[in-house]
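**Q** for reference, the sequence and a predicted model appear below.
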Amino acid sequence: MAVIRNPRKNALIAASLVAPFVLTFALVFAYPTFQVIRLSFTDSPLIGDGEWIGLDNYWRLLSDRLFYTSLWNNGYFLLLTVVPTTALALGMALLVNKLKGRWQALVLALFFLPYILPVSVVTEIWTWMLDFQFGILQPVITLFNGDPVAVFRNPYWVMPMIALVTVWWVNGFNVLLFIAGLRNIPRDLYEAAALDGATARQRFLRVTWPLLWPITVLVLTLQLILQLKIFDQVYLLSQGGPFNTSYVPLLLVYREAFQLNEGGYASAIALVIFVIILVVSVLQFQLLRIVGRR
Amino acid sequence: MSVFRSIVTAAALATVATPALAQQEVVWWDFLSGGDGVRMAALIDRFNEEHPDINIDATTLEWGVPFYTRIRTSTAVGEGPDIMTYHLSRVPLALDEGVLSEITAEDLANAGLTTNDFYERSIAAASSDDGTLHAVPFDVHSVVLYYNRDMLEGTNYLDADGNLTGMDSLESFEAAMAALVENGVTEPLSYATADAGTTYRVFYTLFSQMGGELITDGEVLAGDNADKAVQAIEIMARWRENGWVPEQTEYPASVALFTSGRSPFHWNGVWEVPTMTDLAASGELSFDWGAVQIPALMGQLGTWADSHAFAIPQEDQPMDPEKRAAVMTVIGWMSQNSLSWAEAGHVPAFRSVAESDDFRAMEPNATYAALVETVAYDPRSQIAGVASPLYDAVQNLIVPAVDGFVTPQQAIDQMKTDLQRLIR
């Protein structure tokens, strides 16, 4: 008991317990963040120091048309992924939830499988499935379109297709979140509703939907953050083309930093993207919570 | 303590006892794969055998942006190689980044070389604007026109010896393609239409044959250069519309179209020469083939070209003079022995090899070797060269224009805007 009453010792123990985390956090997160902020006010190359140039990088960004194009493309990508993947995951979760025991585990594992693949494998699979000459999905495209399409080289197809690949890849995780949410809804609520003569539709709208709302908000927000940071799939599938139709902000950061040796400018863009993600996701999260409360 | 002492003693003994003390370890990085990689590995083995006092420790890294990013980061922290391969088209950006150590007169003397030993254009491309040398050219590699003699048999386009003839203008080349299509050939000219590098090489060849310049005084496609670029894309788009080139074809497929005997013409780099030679040697090529320099389609001769070169990274800690001398010995030896490298299709940059009887007897290299006189290197700019924004712009803008998604004029307008913003 004496140990707990000694405030100084208490504080020391507390400090030693949080120290590993605080130190790691400071080393791998706080310090790099500080460096990015500092670099964004300089004309540094990728490695080494540069001159302090104040807000010049930010002024340049404001007049960079490619930045606006990439933001616009990323917005389009959000439309194509965030709500569709959430709706799809919810639908799948409801169906999977109807299954029992081993069957449920099996189906869930199948849905989850793509999520454990590395992005390079995912894009390799889809590049071959959609290959212009040999892709096994080209007959399907021909059925609807009349001709085969080199999807990642076509300005109209490229973004929807990257969105499709992305949804296929990440959807399993969302299904899992929804399943967890569904299992948290007490069974007796459904029993009570059934006793009161509620239809299946009413049970969903009055019980499942409101009680699942926090999970829905979580999935939407996680997806929003994830898809605002899209880079890998674009880099691997279309390199931002054709005609800048799949150019996204992080690709701009990558090219400025690693191709053009513009560490300072790349940091400025990265920081602006960071702020945009922060603002948009906080806004969305709060907005959705308010909607849910009504 | 005794453990420590015995280690020290052992180490001391080892240094005294082994003759390897005198052996210089030269760390070598390159980006050469495929036929190039095999031939370079053989050269390195030969060098190591002939030089007991020097050992090349070679590593092959991934070509393109990954290679050049690693060079930049490793040299910045003093962990770079002792010698590396470099594209001369990347020299302008490298000079800006300060990653290349100057090759001094003393260095050249250690290698037994002088700048006069090399083709003038390659030395210019390896030097900074004030004329100081920063790399030693190893080869000139370009695109050539491969052709299938059997398929052209009976047309007017083969002379009595079975060599390609009568290709002296765009009209004659297009007439040949049209005639071949008449005779039931699909896709008479194969090139990798979906590949940025190949599309760029075709585009830049046509463009430079019109006397076009991509970047002049820091301005992208100034004056009538833009019109010439539009014209080059229009020609490539017309070839696609007429079905003369395969649509949306990746690099390996474009080679296969030629080697399988479907396309009588193939527009690609000299580095595919070993592919053809090897296939012919193993009897897998069902036809007789040849390769010539790209004909003067647009009025004058001219071909896109680049060079592999050797360079030494610039690090804060200057390299030990003995090691540097060893590195220069490697470079000198490689130049002297570049005939083996020429088997990979390249034209040696070292003139006494390129002008030797042995090289003149090497086919098809000797047939197209004259192209080195009229090569068009990439513009001297930080945004040009292998795996540069210029390559990206071709993938992003010119490929869709050739595919007909946008007009050539739109592509060029966008290209001017996109590339100009990168020039500071």
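**A** Great, that's in hand. Numbering: from 1, shown residues only, chains lettered A, B, ... in the order given.

**Q** what's the distance between the residue nearest to the spatial centre of chain A and chain B?
**A** Centrality entry for chain A: nearest residue to the mean C-alpha point is A:Leu226, 1.5 Å, by CA atoms, centre = their mean. Separation of A:Leu226 from chain B (CB to the nearest CB, to the nearest Å) stands at 25 Å. Any C-beta I mention is one placed from the backbone N, CA and C, and that applies to glycine too.

**Q** now do the contacts for that residue.
**A** A:Val170 (CB atoms under 8 Å, 6 or more residues apart in numbering or on different chains).

**Q** would you mind listing what in the stretch 151-294 of chain A touches chain B?
**A** By the rule CB under 8 Å from any CB of the partner chain, the part of the stretch 151-294 of chain A lying against chain B is A:153-155, A:239-244, A:247, A:255, A:258-261.

**Q** what do you get if the cut-off is 7 Å, keeping everything else the same?
**A** A:153, A:155, A:239-244, A:255, A:258-261 (CB under 7 Å from any CB of the partner chain).

**Q** which of the three states applies to B:Val143?
**A** At B:Val143 the chain is in strand, as set by DSSP: H, G, I helix; E, B strand; the rest coil.

**Q** which SSE is immediately downstream of the one helix or strand A:Tyr254 maps to?
**A** Under the criterion of DSSP states H and E, A:Tyr254 resides in helix A:249-254. Where DSSP H and E defines the elements, the next helix or strand beyond helix A:249-254 is helix A:263-293.

**Q** which pLDDT value belongs to the nearest residue to A:Leu260 once chain neighbours are set aside?
**A** Nearest residue to A:Leu260, sequence neighbours excluded (CB to CB, 6 or more residues apart in numbering or on different chains): B:Leu422, at 6.4 Å. On the pLDDT scale, B:Leu422 is placed at 86.

**Q** same check on A:Ala2?
**A** 49.

**Q** pretty sure B:Glu373 is in a helix, no?
**A** Yes: using three-state DSSP, the assignment for B:Glu373 is a helix.

**Q** what about it, how many residues nearby?
**A** 11 (other CB atoms under 10 Å in any protein chain shown).

**Q** so what's it closest to, chain neighbours aside?
**A** Excluding the flanking residues, the one nearest B:Glu373 by CB to CB, 6+ apart is B:Leu301, at 8.0 Å.

**Q** which helices and strands does the helix holding A:Tyr254 pack with?
**A** helix A:65-98, helix A:263-293 (3 or more CB pairs under 7 Å, 6 or more residues apart in numbering or on different chains; DSSP states H and E).

**Q** dump that helix to PDB, keeping only the CA atoms.
**A** The C-alpha trace of helix A:249-254 is given here as PDB (Å, rounded to 0.1, in the frame of the first residue of the first chain):
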ATOM      1  CA  PRO A 249      -2.000  13.600 -54.900                       C
ATOM      2  CA  LEU A 250       0.300  11.000 -53.400                       C
ATOM      3  CA  LEU A 251       1.700  10.200 -56.800                       C
ATOM      4  CA  LEU A 252       2.600  13.900 -57.100                       C
ATOM      5  CA  VAL A 253       4.500  13.600 -53.800                       C
ATOM      6  CA  TYR A 254       6.300  10.500 -55.000                       C
END
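
**Q** would you turn the helices and strands packed on helix A:249-254 into JSON lines with mean pLDDT and mean neighbour count?
**A** Formatted as JSON lines, the helices and strands packed on helix A:249-254 follow (pLDDT from 0 to 100; neighbours: other CB atoms under 10 Å in any protein chain shown):
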{"stretch": "helix A:65-98", "mean pLDDT": "94", "mean neighbour count": "18"}
{"stretch": "helix A:263-293", "mean pLDDT": "91", "mean neighbour count": "16"}
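
**Q** for the ones you listed, which one sits closest to B:Phe173?
**A** Each of those has some distance to B:Phe173 by CB to CB; the shortest is helix A:65-98, at 37.0 Å.
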